[in-house]
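# Have a look at this prediction, sequence included:
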Amino acid sequence: MMIDKKGLSTVVTTLIIILLVLVAIGIVWVVVRGLIGTTETQINIQQKCIGIDLEITSATCGTGKTLPCIVVVKKVGGETPTGVQVIAYDASGSVSNKNVTIGGLTTNALVEGNAASIYVITKVAAAAYFDDGTNRAFCSQVVESTNIN
């Protein structure tokens with residue numbers, strides 16, 4: 001009696017193994033490409049941030065150094081960022097911030113707060129940012145001033 005043996009031929013087995021390897025390579029490539037793209041974007045932004053030099057030329061707040069404050073930020077050097085975030089601080093921490101688009105060499109930011117709360121502003125700070133339309137990335141350099149009028 002002959003026993004009828006059924007199974008996959010070596011050619012079909014080899015093709016299945018090759019297909020599985022290609023799928024695995026594709027999955028690994030998608031993950032690696034995502035990591036590389038994210039890192040590349042961060043490096044490009046940090047390169048732009050290296051030469052940026054901001055200066056707070058004046059900070060004028062309301063009576064008793066309360067909000068609102070008008071903060072004048074001057075770009076001294078480096079590439080022109082999309083904008084600047086200006087932050088007002090009281091003794092306990094950040095109380096208000098405002099993002100403004102850079103216009104020329106100087107930018108005025110009106111930092112307002114909650115009308116029901118009175119904060120005595122002790123410090124203002126500014127940080128540049130770049131915006132590509134979908135992502136906003138802030139530079140790590142922050143300029144601060146405690147000279148508030």
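Yes, it's here.

# Quick one: the helices in this structure, in order.
In the chain, helices defined by DSSP state H lie at 10-50, listed in chain order.

# So, low pLDDT: which residues of it?
1-8, 38, 41-42, 115-116 (pLDDT under 70).

# Tell me, how many residues neighbour Ile102?
Per other C-beta atoms under 10 Å, the neighbour tally for Ile102 reads 17. For glycine as for every other residue, the C-beta is placed from the backbone atoms N, C-alpha and C.

# Same check on Thr122?
Thr122 has 14 nearby residues by other C-beta under 10 Å.

# residue contacts, it?
Thr122 sits next to Lys65, Tyr89, Asp90, Ala91, Thr146, Ile148 when contact means C-beta atoms under 8 Å, 6 or more residues apart in numbering.

# Give me the subset of these lying in strands.
Tyr89, Asp90 (DSSP state E).

# Now flag whichever of the contacts of Thr122 is closest to Val32.
Each of the contacts of Thr122 was checked against Val32 using C-beta to C-beta; the closest is Tyr89, at 41.6 Å.

# Give the bridge partners for that closest one, please.
Tyr89 has these beta-bridge partners by DSSP bridges: Ser94, Lys123.

# residues contacting it?
Neighbouring residues of Tyr89 by C-beta under 8 Å, 6+ apart: Val95, Ile121, Thr122, Lys123, Val124, Ala125.

# Now the fifth one: closest residue in space that isn't a chain neighbour?
Leaving out its chain neighbours, the residue that sits closest to Val124 by C-beta to C-beta, 6 or more residues apart in numbering is Ala59, at 4.6 Å.

# I appreciate the help and will end here.
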